[in-house]
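**Student:** Mind folding the following:
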Amino acid sequence: MAHRQRIPLPGTASGRCALTALLGVLAAGSLGGCRTSSGHPGRPSADVVSTADRRIRVRLDKSIPQFVLRVEGGCLIDNDEGKPLLHPLSELDRSVVAPDPDDPSKLRVGEFRLPGPVVRVLPSEDGTLVYNDRHYRGYLVARREGNGFLVINVVDIESYLRGVLRGELPRYFHSETYRAQAIVSRTYALYQCYVHGRKRTWDVTADTSSQVYRGRDAEASKSNEAVAATAGIVLAWDGPQGRKIFCTYFSSTCGGMNQNVENVKGGQAPGPLRGGVACKYCKASDWYRWDTVRLHKDRITKDVKRFFVNGGYTHAEKLARIEEIRVLTKTPNGRAIRLRLIDKNGFVADMRAEDFRLLIDSGRSIKSTHFDVVTESNFIRFENGRGYGHGIGLCQHGAEGMARDGIRAGQILQHYYPGAALVKAY
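**Tutor:** Numbers count the residues shown, from 1 in each chain. As a prediction, the model looks like this:
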């Protein structure tokens with residue numbers, strides 16, 4: 001399925017391997033590097049803190065006032081620099097983690113009062129960490145930010161993927177679809193980790209803004225097998241600066257053809273993300289075609305105005321009720337790229353169609369930008385809708401259709417990412 005060539009990640013020197021680059025990113029992060037294991041009672045085992053594997057920082061929550069934590073066994077509690085805050089515990093009962101009411105700059109973990117704004121919880125055994133009643137592998141770091149907490153799960157990337165696949169694919173999908181998704185999700189996570197992780201204290205989120213991650217409780221035999229069967233395999237392409245991984249975007253249903261990443265993200269598209277790949281396999285999806293959506297102009301105006309104001313657009317406050325929406329540009333198969341919004345005073349605002357659909361109910365109502373627009377007196381209709389999601393890269397329902405036709409994971413990926421190569425990153 002893949003040859004064993006090692007590839008440099010974006011920004012690395014050609015002689016550095018992906019594993020070295022990834023560990024370098026994690027070690028440099030403000031959450032602190034991984035710790036070596038110890039035989040001392042209460043010390044974490046190697047699969048929790050070893051530097052021999054690949055760690056990724058998953059943002060579970062941000063700006064939450066408090067949370068519930070427990071550990072089903074021994075654990076260490078320290079800050080993010082390895083300074084112990086408590087003696088090793090034989091277990092941590094269900095405890096609320098919140099600011100100390102007597103000193104908000106400090107924390108309380110149940111009955112324990114801790115100095116400082118950061119706590120790290122390292123279980124002695126992998127998978128015994130329970131955050132808000134959900135099990136996770138690896139360890140947890142919580143940091144006070146403003147009036148809330150930033151909560152991060154630091155976990156081996158292969159364990160992370162086992163908690164991702166069931167959040168991204170239905171249980172009944174084919175094993176080859178799961179294998180294809182495992183490679184895509186691994187590549188996506190590594191790309192985010194190395195390219196964006198240096199700029200922040202986390203690499204990926206646990207929701208659809210990155211990939212849906214549900215921890216140990218989401219693991220199942222099919223997803224575990226897919227991760228194991230594809231261990232270390234990623235997608236890369238031979239660009240002007242040599243062979244590198246790229247951001248492997250994916251969506252639920254492309255509706256007949258995927259599109260160029262430039263239409264949504266801007267910039268210059270790597271070869272495998274230039275779109276135009278015909279897909280006859282996603283017709284079985286419930287969202288291959290979707291029902292007409294009819295939105296009141298006042299609702300559209302409110303959402304669009306908030307978007308422009310938050311984005312710092314000049315004169316956004318002056319936007320009056322939007323009376324008309326026109327499609328300015330489309331892809332060859334009919335997906336809107338840019339929209340023109342015209343208010344009752346004739347003020348014109350242009351925006352990306354993908355931005356528009358996402359600001360309306362986070363994209364749950366207008367499921368894709370493949371639509372026709374019809375203006376009524378008080379409403380705007382979006383009809384002839386097709387597909388679900390941004391339509392870049394892999395079409396998950398299309399991949400399922402290919403798998404049901406007997407096509408293997410590697411062939412599926414090379415179909416949706418033309419020119420991409422399957423390689424071993426570690």
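
**Student:** all contacts plus neighbour counts: C-alpha atoms, from now on.
**Tutor:** Will do.

**Student:** With adjacent residues omitted, what lies nearest to A278?
**Tutor:** Nearest non-adjacent residue to A278, counting by Cα to Cα, 6 or more residues apart in numbering: M257, 4.4 Å away.

**Student:** Which residues are in contact with the one you found?
**Tutor:** Neighbour list for M257: 275-279, 333, 391 [criterion: Cα atoms under 8 Å, 6 or more residues apart in numbering].

**Student:** Can you tell me the element C247 falls in?
**Tutor:** In this structure, C247 is located outside every helix and strand according to DSSP states H and E.

**Student:** Quick one: residues contacting the closest residue in space to it that isn't next to it in sequence.
**Tutor:** Distances taken as Cα to Cα, 6+ apart place Y188 nearest to C247, at 5.3 Å, with adjacent residues excluded. Taking Cα under 8 Å, 6+ apart, we find Y188 in contact with 246-249.

**Student:** which residues in the stretch 51-200 of the chain form helices?
**Tutor:** Counting by DSSP state H, counting those that start in this stretch, the segments of the stretch 51-200 of the chain that form helices are 157-162, 165-168, 175-195.

**Student:** circling back: could you report the distance from the residue nearest to C247 to A403?
**Tutor:** 21 Å (Cα to Cα, to the nearest Å).

**Student:** likewise R166?
**Tutor:** Noted for R166: a distance of 17 Å to A403, by Cα to Cα.

**Student:** Pretty sure I183 sits against L235.
**Tutor:** Yes. Counting by Cα atoms under 8 Å, L235 is a contact partner of I183 at 7.1 Å.

**Student:** More neighbours: which of those two?
**Tutor:** Shown here are I183 and L235; by other Cα atoms under 10 Å, L235 has more neighbours (30 against 25).

**Student:** Name the SS class of the closest residue to that one other than its chain neighbours, please.
**Tutor:** Sequence neighbours aside, L422 is the residue nearest to L235 in space, at 4.9 Å (criterion: Cα to Cα, 6+ apart). The three-state assignment at L422 reads strand, by DSSP: H, G, I helix; E, B strand; the rest coil.

**Student:** any idea how far the residue in the chain sticking out farthest from the centre lies from N378?
**Tutor:** With Cα atoms, centre = their mean as the measure, the chain has its most outlying C-alpha, relative to the mean C-alpha position, at N345: 40.0 Å. Distance of N345 to N378, given as Cα to Cα: 16 Å.

**Student:** before we move on, what about R55?
**Tutor:** Distance from R55 to N378, by Cα to Cα: 52 Å.

**Student:** contacts for the host helix or strand of R306?
**Tutor:** Using DSSP H and E, R306 sits within helix 297-310. Residues outside helix 297-310 that contact it (Cα under 8 Å, 6+ apart) are 316-317, 319-323, 356, 359-360, 378-380.

**Student:** Please tell me the pLDDT value assigned to the most centrally placed residue in the chain.
**Tutor:** By Cα atoms, centre = their mean, the chain has its centre lying nearest to S210, at 1.2 Å. pLDDT for S210: 95.

**Student:** Check the burial of the nearest residue to it once chain neighbours are set aside by counting its neighbours.
**Tutor:** In space, and not counting its chain neighbours, S210 is closest to V204: 5.8 Å by Cα to Cα, 6+ apart. Neighbour count of V204, defined by other Cα under 10 Å: 25.

**Student:** was I right about V204 contacting R55?
**Tutor:** No. Here V204 does not reach R55: they are 11.7 Å apart, not a contact under Cα under 8 Å.

**Student:** By neighbours, which of the contacts of M257 wins?
**Tutor:** Ranked by the number of neighbours (other Cα under 10 Å), these place G391 first, at 28 neighbours.

**Student:** measure D156 to G232 for me?
**Tutor:** For D156 relative to G232 (Cα to Cα), the value is 12 Å.

**Student:** again, but for R57
**Tutor:** 18 Å.

**Student:** Count the residues that sit near the residue nearest to L235.
**Tutor:** 20.

**Student:** F173 too?
**Tutor:** F173 has 18 nearby residues by other Cα under 10 Å.

**Student:** How about it, nearest residue that isn't a chain neighbour?
**Tutor:** Setting aside the residues directly before and after it, F173 is nearest to E400 in space (Cα to Cα, 6+ apart), at 6.4 Å.

**Student:** the strands in the stretch 301-426 of the chain, which residues?
**Tutor:** Counting by DSSP state E, counting those that start in this stretch, the stretch 301-426 of the chain has strands at residues 322-330, 336-343, 348-352, 372-375, 379-383, 385-386, 394-395, 421-424.

**Student:** Can you say which of those strands is packed in most?
**Tutor:** Across these, averaging neighbours per residue (mean count of other Cα atoms under 10 Å) puts strand 394-395 on top, at a mean of 28.

**Student:** just to revisit the earlier point, contact partners for the residue nearest to S210?
**Tutor:** So V204 contacts 56-59, 189, 192-193, 210-211 (Cα under 8 Å, 6+ apart).

**Student:** May I see the residues you listed organised as JSON lines, with distance to Q268 added?
**Tutor:** Shown next, in JSON lines, are those (distance: Cα to Cα, whole Å):
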{"residue": "I56", "distance to Q268": "27"}
{"residue": "R57", "distance to Q268": "28"}
{"residue": "V58", "distance to Q268": "28"}
{"residue": "R59", "distance to Q268": "28"}
{"residue": "A189", "distance to Q268": "20"}
{"residue": "Q192", "distance to Q268": "17"}
{"residue": "C193", "distance to Q268": "20"}
{"residue": "S210", "distance to Q268": "21"}
{"residue": "Q211", "distance to Q268": "23"}
